[in-house]
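Asker: structure here, sequence nowhere to be found:
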């Protein structure tokens, strides 16, 4: 799964939805892979507004990426700065989470990721 | 300028909506001057005189064969010639020396070769001195004949009307073949055929730079079609076996790989729509207004009807009583990677409500939801089109079968400002627990297995 997905995923447990601790999920024992993907500036500018920047900073730090700036770049900044664009592209689009767990910071539930496929099914006592 | 679209005579109720969706996607202001499901010829008007817009309009259209600049129309041949002379004589000099071909497209009619030639010769007044070339000509001109139904067996002598035009573009009739299920590595009994998957992708406005999600992904037919049109795709399914495939040659990834689209795979995961991990915006709070909190440009799906595949969600039927042991097992085994949580039958109508609510909370403004739902053809058993204050119906297309039909319903997510704040309060969620068994929960399934016979 592409890393940008982590910015759109929260804990599947309904009781956790209202808690700010349930987002983003925290990667544990993560194994990453890097794919080479052609840069698509249109995609990045399209989704820039949808990204929760603070959550992305948390994810990047937890996975050992260099610390992201405190503020999200604006569309114009991104278009003007090729390096910024490429770094973001690398983090969001080229990086894949292949193995490990995604852990909810609120209830502690662990979602397994195997061969890039996460499993968000819940046992009956959590639905 | 007016253009004539030559549709394929199939999936009639999808043809115009597909082209209209592409007009929206390409930002082309298209006006339909004449269309009927009975004929494959449709006349439209585009504001620009450049034929490039016309070509762009249909280049992804699965149900379009060709588009031509309309030079004239008539009920009879003399009328057609008068119309061609009046409308197109200013265009003639451009084609004086180009190579060309001229052919007759008779819909529902039959012409002998000598009659065809005679018809073409009637256009000798066109000042074309270029070479006639049957393969790869620079220009193609067509005489379109629209014959009445059963014209050949009834011996009807003349078509209903004629059109003449210069070809400016082609549809994408070859794409379904490219994604043909018969040659796809990983499919299942419920995989959507490639032609309808591509049409659905067009109605949902799939395009480069967009993010698209299928919450009932199965073997990935919709994401593959959207990926082919350049979108970044996401999918999930409550059935982990279908998301994983055989983990070797038959997987969703193998399908994307087959078409060279692996980089269009965002993420595929196992999840239940009623307990979805996708982050959602709270409706009516202004959340997600600038896009944040709402993730997708489009949602496409063919939810389970409960006929060939069970319609289930996470949970057990009787958690306090006879299923209590399954809840206990879940508590103990939740961290075991081999543990598969239990599922229970769910109401079909409630599922449709859930899809609409989920879409309202996750689609960007004017993002589209295109989903398939079945209904009985019998009016009394017909299942109403589900509604939601935030989701405006764009178009409903129908694929009829014998006693039931499949509908493709396309909605767009309205911006918060266009939604009546009271409408949400009045929206009553359908009762969730009126039944327990699959038949009680699903009027379509019940009808299907009783052959849609009306109760005495």
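Answerer: Arrived safely, thanks for sending. No experiment lies behind these values; they were computed from the predicted model shown.

Asker: which single residue of chain A ends up nearest chain B?
Answerer: Closest contact between chain A and chain B, by CB to the nearest CB, is at residue A:123 (2.9 Å). C-betas here are computed from N, CA, C, even on glycine.

Asker: is it true that that residue touches residue B:341?
Answerer: Yes. The criterion here is CB atoms under 8 Å, and residue A:123 meets it with residue B:341 at 4.9 Å.

Asker: anything in contact with each of these two?
Answerer: Common contact partners of residue A:123 and residue B:341 (CB atoms under 8 Å, 6 or more residues apart in numbering or on different chains): residue B:330.

Asker: what's the neighbour count on the closest residue to residue B:339 other than its chain neighbours?
Answerer: Spatially, and ignoring its direct neighbours in sequence, residue B:339 is nearest to residue B:333 (4.1 Å; CB to CB, 6 or more residues apart in numbering or on different chains). Other residues within reach of residue B:333, judged by other CB atoms under 10 Å in any protein chain shown, total 14.

Asker: phi, psi of residue B:333?
Answerer: phi -100, psi 10 (degrees, to the nearest 10).

Asker: any low-confidence regions in the chain?
Answerer: Because you didn't say which chain, this covers chain A. Within chain A, no range satisfies pLDDT under 70.

Asker: chain B is the one I meant
Answerer: Judged by pLDDT under 70, the stretches of chain B that qualify are B:289-292, B:428-436, B:454-456.

Asker: which helix or which strand is home to the residue positioned nearest the centre of it?
Answerer: Nearest residue to the geometric centre of chain B (CA atoms, centre = their mean): residue B:200, 2.4 Å. Residue B:200 is located in helix B:194-203, with elements delineated by DSSP states H and E.

Asker: ok, residues contacting that helix?
Answerer: Helix B:194-203 has contacts (CB under 8 Å, 6+ apart) with B:11, B:14, B:17-18, B:21-22, B:25, B:60-63, B:172, B:175-181, B:184, B:192, B:221-222, B:224-226, B:228-229, B:231, B:300, B:368, B:370, B:372, B:394-395, B:397, B:399, B:408, B:410.

Asker: mind listing which of those residues are in strands?
Answerer: B:300, B:368, B:370, B:372, B:394, B:395, B:397, B:399, B:408, B:410 (DSSP state E).

Asker: from those, which would you call buried?
Answerer: Neighbour-count burial (16 or more other CB atoms under 10 Å in any protein chain shown) applied to the ones in strands among the contacts of helix B:194-203 gives B:300, B:368, B:370, B:372, B:394, B:395, B:397, B:408, B:410.

Asker: so can I have CSV of those residues showing distance to residue A:39?
Answerer: Shown next, in CSV, are these (distance: CB to CB, whole Å):
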residue, distance to residue A:39
B:300, 26
B:368, 26
B:370, 29
B:372, 35
B:394, 33
B:395, 35
B:397, 36
B:408, 34
B:410, 32
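
Asker: ok, how many other residues are close to the closest residue to chain A within the stretch 1-150 of chain B?
Answerer: Here the stretch 1-150 of chain B gets closest to chain A at one residue, residue B:25, 13.9 Å apart by CB to the nearest CB. Neighbours of residue B:25 under the rule other CB under 10 Å: 19.

Asker: mind checking how far it is from residue B:366?
Answerer: Residue B:25 sits at a distance of 11 Å from residue B:366 (criterion: CB to CB, to the nearest Å).

Asker: for residue B:101, same thing?
Answerer: 42 Å.

Asker: can you check residue B:4 too?
Answerer: 30 Å.

Asker: so between the two, which is more surrounded?
Answerer: Looking at residue B:4 and residue B:366 with other CB under 10 Å, you find the greater number of neighbours at residue B:4, namely 25 against 14.

Asker: that one: what's it in contact with?
Answerer: When contacts are counted by CB under 8 Å, 6+ apart, residue B:4 touches B:41, B:42, B:43, B:67, B:68, B:70, B:144, B:163, B:165.

Asker: so it, which state does it fall into?
Answerer: Three-state assignment for residue B:4 (DSSP: H, G, I helix; E, B strand; the rest coil): strand.

Asker: of all of chain B, which residue lies closest to chain A?
Answerer: Across chain B, the shortest distance to chain A (CB to the nearest CB) belongs to residue B:330, at 2.9 Å.
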